[in-house]
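J.: Structure, please.
(one chain, ligands or ions: 1)
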Amino acid sequence: MNHFQRKRGQLYCEDVPLAELAEEVGTPAYVYSQATLLRHARVFKSALRGLDFLACFAVKSAPNLALLRLLVAEGYGFDIVSGGELFRATEAGGDARRIVFSGVGKRADEMAAALDAGILQFNCESEEELEQLSRVAVRKKTTAPVALRVNPEVDARTHPYIATALASSKFGVPAARVRKAYRLAASLPGLRVEGVACHIGSQIANTKPFVEAAGKMRELLLILRADGHEILRLDMGGGLGVPYGDGPAPASPKQYGEALVRALEGLPVKILLEPGRLLVANAGVLLSRVLLTKEGHRGRKFVVIDAAMNDLLRPALYEAFHEIEPVGRPRRGAERVDVVGPVCESADVLAKRRRLPPLSSGDLVILRTAGAYGMAMASQYNARPRPAEVLVEGRSWRIIRARETYRDLIRGETT
Ligand SMILES: *Cc1c(COP(=O)(O)O)cnc(C)c1O
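T.: Next up is the predicted model:
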């Protein structure tokens, strides 16, 4: 359920016509629906009733301060993967005691900043990282709360670029070495072992890989406790998928919640979850204008829009599907077109061989389900200023990130 719906032929975000927003803020622009985000945030939490849990939003999926602040107000903590995300989470009013620091490599200064902030937990991914973190903590005459991210070696059945728990993955400590790694962690003077973690991938369609991972983590937790480690928290990561409109809908948050509750209830630990995409993907669209249409070889039709792979990387990076719709009343008929951006790369295709109503220069379109890993991955490639971000609430809206200017493009450069 989302609040980007048609009224009298025109697409709206909540009660604001998208055509009006395009006039006011220009294109391309990311537009978010506050009602949709809040709804998802609440549905996710209520799906997990029955567990003692803390939901830590994965900042990397949608790092805008205004969005983070809404989630703080909903009681969310944050999953961060860099010092920059720690800064964002803190600026948004996030409580350090609800922040988990993930990632396969952390710099000493990032570790130090997170220790100073007093975060809940470092999710470490290797023996060497444990030693590095211990050194940083000892230098600061403190101890760092750690969990080891374990690779539970389950196949999440998702795109290879977003599967993270295959045996060949760079992520996590291989299951076979986990007990030894915990012995090391327990022996290091700067660490206190407090948790165990996993994250098996992203855009996962059904509950089976989660149930499988939960079963393995449950077993491991009991082994680690028997080994004498006082494990207080089990972090199950994020990863539940959302419908992009190109296949069967993934499991619902309710089904996911029920499966996790069944697999984990009764464990004497707090459960951490790190949803990202699930909360924000459908709460945002990318609003863009058609620049022109052109005909290629053998009648192939291209619709060139003013958004490109620098604004929305997912189609180029993962061959991801985003539904495209005209903002105005769709014209009669349909044709098969490639929707492309102006960037000088053959990969700059936002939709390939897509059946769409006829489009022409000046028409507005949206790319749906762009709220997660959309603006987050935007770049200035081809010296294209990054888009504005707009947050809609009912009849009102506000700019939550100004469109970049040409000045922004050269900020910090010297000749
Ligand atoms: C990316 C990431 C997440 C969020 O994944 P989603 O698929 O967006 O839910 C959670 N935890 C970690 C460690 C991640 O790297």
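
J.: For Q34, list the residues it contacts.
T.: Shown in contact with Q34 (C-beta atoms under 8 Å, 6 or more residues apart in numbering): 14, 70, 283, 391-393. Bear in mind the C-beta positions are built from the backbone N, C-alpha and C, glycine included.

J.: again, but for K270
T.: Residues counted as contacts of K270 (C-beta under 8 Å, 6+ apart) are 52-54, 232-234.

J.: Quick check: the two most widely separated of those?
T.: The span of these, defined through C-beta to C-beta, is set by F53 and L232 at 13.0 Å.

J.: For ChimeraX, write a command that selects the buried ones of the contacts of K270.
T.: To isolate the buried members of those in ChimeraX, using 16 or more other C-beta atoms under 10 Å:
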select :53,54,232,233,234
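
J.: can you list the contacts of K270 in JSON lines and add secondary structure and distance to the ligand?
T.: Shown next, in JSON lines, are the contacts of K270 (DSSP: H, G, I helix; E, B strand; the rest coil; distance: C-beta to the nearest ligand atom, whole Å):
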{"residue": "D52", "secondary structure": "coil", "distance to the ligand": "20"}
{"residue": "F53", "secondary structure": "strand", "distance to the ligand": "14"}
{"residue": "L54", "secondary structure": "strand", "distance to the ligand": "13"}
{"residue": "L232", "secondary structure": "coil", "distance to the ligand": "19"}
{"residue": "R233", "secondary structure": "strand", "distance to the ligand": "14"}
{"residue": "L234", "secondary structure": "strand", "distance to the ligand": "14"}
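
J.: what about the residue of the stretch 301-415 of the chain found nearest the ligand, neighbour count?
T.: Nearest residue of the stretch 301-415 of the chain to the ligand (C-beta to the nearest ligand atom) works out as A372 at 6.0 Å. Applying other C-beta atoms under 10 Å, we find 26 residues neighbouring A372.

J.: what's it sitting at in phi/psi?
T.: Main-chain torsions, A372, degrees, to the nearest 10: phi -110, psi 140.

J.: In this structure it contacts L286, no?
T.: No - contact between A372 and L286 fails when scored by C-beta atoms under 8 Å: they sit 11.7 Å apart.

J.: Quickly list what's touching both of those two.
T.: Here A372 and L286 share no contacting residue, scored by C-beta under 8 Å, 6+ apart.

J.: Could I get the buried residue list for stretch 210-218?
T.: 210-214, 216-218.

J.: any residues touching that stretch, and which ones?
T.: So stretch 210-218 is contacted by 150, 152-154, 165, 175, 196, 198, 200, 204, 234, 236, 239-240, 256, 259-260, 262-264, 267 (C-beta under 8 Å, 6+ apart).

J.: Weed out the non-buried ones from those residues.
T.: 150, 152-154, 165, 175, 196, 198, 200, 204, 234, 236, 239-240, 256, 259-260, 263-264, 267.

J.: In strands, which of the residues you listed appear?
T.: 150, 196, 234 (DSSP state E).

J.: If I look at T164, what pLDDT would I see?
T.: pLDDT for T164: 74.

J.: burial of it, as a residue count?
T.: Using other C-beta under 10 Å, T164 has 21 neighbouring residues.

J.: ok, it touching V154?
T.: No - T164 is not in contact with V154 according to C-beta under 8 Å; the separation is 10.2 Å.

J.: what sits in contact with each of these two?
T.: By the contact definition C-beta under 8 Å, 6+ apart, T164 and V154 are jointly contacted by I200.

J.: Now do the residue of the chain positioned farthest from its centre, the pLDDT please.
T.: Largest separation from the mean C-alpha position in the chain: R298, at 39.4 Å (C-alpha atoms, centre = their mean). We have a pLDDT of 90 for R298.

J.: isn't H3 right next to V16, touching?
T.: No - taking contacts as C-beta under 8 Å, H3 lies outside contact range of V16: 9.8 Å.

J.: which neighbours do those two share?
T.: V392.

J.: Quick one: name the residues of this protein near the ligand.
T.: By C-beta under 6 Å from any ligand atom, the part of the chain that sits against the ligand consists of 58, 60-61, 79, 102, 199, 202, 237-239, 274-278, 372.

J.: Lowest pLDDT pick from those?
T.: Lowest pLDDT within these is found at S202 (92).

J.: what helix or strand is C56 on?
T.: Taking DSSP states H and E as the definition, one finds C56 inside strand 53-58.

J.: List the strands paired with that strand, with their directions.
T.: strand 77-80 (parallel), strand 270-273 (parallel) (DSSP bridges).

J.: Just name the most buried of those strands.
T.: strand 77-80 (a mean of 29; mean count of other C-beta atoms under 10 Å).

J.: ok, now which ones touch whichever residue of the stretch 101-250 of the chain sits closest to the ligand?
T.: Nearest to the ligand in the stretch 101-250 of the chain, going by C-beta to the nearest ligand atom, is G238, at a distance of 2.7 Å. Applying C-beta under 8 Å, 6+ apart to G238 gives the contacts 58, 79, 199, 202, 273-278.
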